[in-house]
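A.B. asks: Quick check, what structure comes out for this input:
(one chain, ligands or ions: 1)
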Amino acid sequence: MIGIFDSGVGGLTVVKELRRQLPGASFIYLGDNARTPYGNRSQDIIQKYSSDDVEFLIGKGAKVIVVACNTASALAGEYLKQKYDLPIFEVITPAAAAASQVAIGHVGVIGTRGTINSNAYGRQLQGLRPELLISSQACPLLVPLVEENLFNRAETKMILRSYLHPLKLKGVDTLILGCTHYPLLKKHIQIKVGGQVKLIDPAEEVIKSLGEYLLATKQNFGDGVAEFYATDPDSRFKEIGEVWLQEEIDLQRATL
Ligand code: DGL
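C.D. replies: As a prediction, this is how the structure comes out:
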């Protein structure tokens, strides 16, 4: 059983990718939406919340953990890998690796304040290719816009422009979409930065490395179980999640 967690509903973009790349794989999803957003919190808090999330998933039988949340991956990824004795897949390592393989010379990173301030993507990228230029931009307004479904609105396009135009002017050739919600804005982001810029989706990359691991260890968890938990199931999680996944979600309460 694969355990996936996020600060809320955003990690369903990773579930969508799991379904696309590894159809039929069994998973449990936990959205800690009672304590969302993680994006503005300190490292100590993120490490504590992430440990609670992992322990909940282990308690439900997870044998592998996917940290869908970029903020949790950035601020607690290494901590979780040291603390728990099971494979932990966070999004930073595979997304930075993918970006370093395709970048010409200048990588842009967008994410929550927590992810950007941690410089987790920057450190990994420079470890892989020290000569790369890296430009980062926190985009704290994008999460609420996506959750409110305001994709095609003029205000969204204006805000996107104000975040992305400086990166375009600096000449980034590759852009990491470093937050669970941003793949849903991919089309608009591509327009703002220009068609030649390569977009890296961490959801796609983390599931790719999970797939390689499952293949190498001859596991597939292929009996199609899908369980969804939220720490606040009476919120808008179900409504938003069903639109994103295009399926009915039987949402259960998680008590951490
Ligand atoms: N899931 C978070 C991330 O990918 C975004 C939402 C939040 O701030 O909790 O960074």
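A.B. asks: CA only for contacts and neighbour counts going forward, please
C.D. replies: Fine.
A.B. asks: Can you tell me which residues in the stretch 1-150 of the chain are near the ligand?
C.D. replies: 6, 7, 10, 36, 37, 38, 39, 69, 70, 71, 112 (Cα under 6 Å from any ligand atom).
A.B. asks: Verify the stated contact: the fifth one with residue 7.
C.D. replies: Right, residue 37. Yes - contact criterion Cα atoms under 8 Å: residue 37 and residue 7 qualify, at 6.2 Å.
A.B. asks: So if I had to pick from the two, which one is more boxed in?
C.D. replies: Set residue 37 next to residue 7 and count neighbours by other Cα atoms under 10 Å: residue 7 wins out with 29 against 16.
A.B. asks: Thought residue 38 was touching that one, still the case?
C.D. replies: Yes - assessed by Cα under 8 Å, residue 7 is found in contact with residue 38 at 5.9 Å.
A.B. asks: okay, and the common contacts of the two?
C.D. replies: By Cα atoms under 8 Å, 6 or more residues apart in numbering, residue 7 and residue 38 have no common neighbours.
A.B. asks: Pull out the buried residues from the host helix or strand of residue 175.
C.D. replies: Using DSSP states H and E, residue 175 sits in strand 174-178. For strand 174-178, burial by neighbour count (16 or more other Cα atoms under 10 Å) applies to 174, 175, 176, 177, 178.
A.B. asks: which among these gets closest to the ligand?
C.D. replies: Each of the buried residues of strand 174-178 was scored against the ligand by Cα to the nearest ligand atom, and residue 178 proved nearest at 6.6 Å.
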